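> take this sequence and fold it.
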Amino acid sequence: MRGKFTLILGNMFAGKTEELIKRLRRAEKHGQKTTLAFKPTKDTRSGTGLLKTAEGDVFPAIDIPKGETFEITKKLKLKEWEIGKKIDVIAFEEVQFFPESIYQTIDYLLSLGYEVIAAGLKLDFKGEPFVSSTSLLGLVETNYDLLLLTSCCSVCGKEAQLPQRLVDGKPAKYNDPVEFVGGAESYQPRCHEHHIVPEKPPYA
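Predicted structure coming up:
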């Protein structure tokens, strides 16, 4: 049977990692399932071999160099060989930092019967979709398998769907690199009203 897929998308500081860890622990404790989490090495905020929430809660994970998806199945099979049984639930953190081929990788894992949970940013600092994460909507089968999370705007406290990147305390410009790993020192959650992207073309 094809595995179940769950997608968690949202803004920075919206609790995506907390939700991912909660689901993994629930699968282990109440579902008696074996789990395995992957994250790209590009995400350096949580340290090596860990998923880490803003509050400091941690969960073990396998780092994938440069987000290279071909490494995922290799490390999965190695882990299964080490524990002597098949993994039940596979999780992906910061899925937006994986290449677009993550779609094919997850589709393949689902076809093998694995349950897969992926979490990542929906929009970049420009307010535009991260292809690697939003493309996974194509694998979502029902609305029960999609969780959209928002945070609170750092300016007004309203629902915030957009990450505001700051460079030396000022909003990053539209043509700055899309991928930039950072925490509260570099990003703030903002609502549409208070999200600022200097030099953004009017048609973009």
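> now do the SS call for the residue nearest the centre of the chain.
With the centre of the chain defined as its mean C-alpha position, the nearest residue by CA atoms, centre = their mean is G120, 2.1 Å away. Using DSSP: H, G, I helix; E, B strand; the rest coil, the three-state assignment for G120 comes out as strand.
> quick one: contacts for it?
Contact analysis of G120 by CB atoms under 8 Å, 6 or more residues apart in numbering lists I8, L9, K16, F92, E93, E94, V95, Q96, F97, F130, S132, S133. Every residue, glycine included, has its C-beta placed from N, CA and C.
> repeat that with 7 Å
Listed by CB atoms under 7 Å, 6 or more residues apart in numbering, the contact set of G120 reads L9, E94, V95, Q96, F130, S133.
> tell me the two of these that are most distant?
Comparing every pair within these by CB to CB identifies L9 and E94 as the most remote, at 11.8 Å.
> re the thing from before, from the contacts of G120, which land in strands?
Members of the contacts of G120 lying in strands (criterion: DSSP state E): L9.
> how about JSON lines for the contacts of G120, with distance to Q104 added?
Compiled in JSON lines, the contacts of G120 are given as follows (distance: CB to CB, whole Å):
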{"residue": "L9", "distance to Q104": "19"}
{"residue": "E94", "distance to Q104": "18"}
{"residue": "V95", "distance to Q104": "13"}
{"residue": "Q96", "distance to Q104": "16"}
{"residue": "F130", "distance to Q104": "17"}
{"residue": "S133", "distance to Q104": "15"}
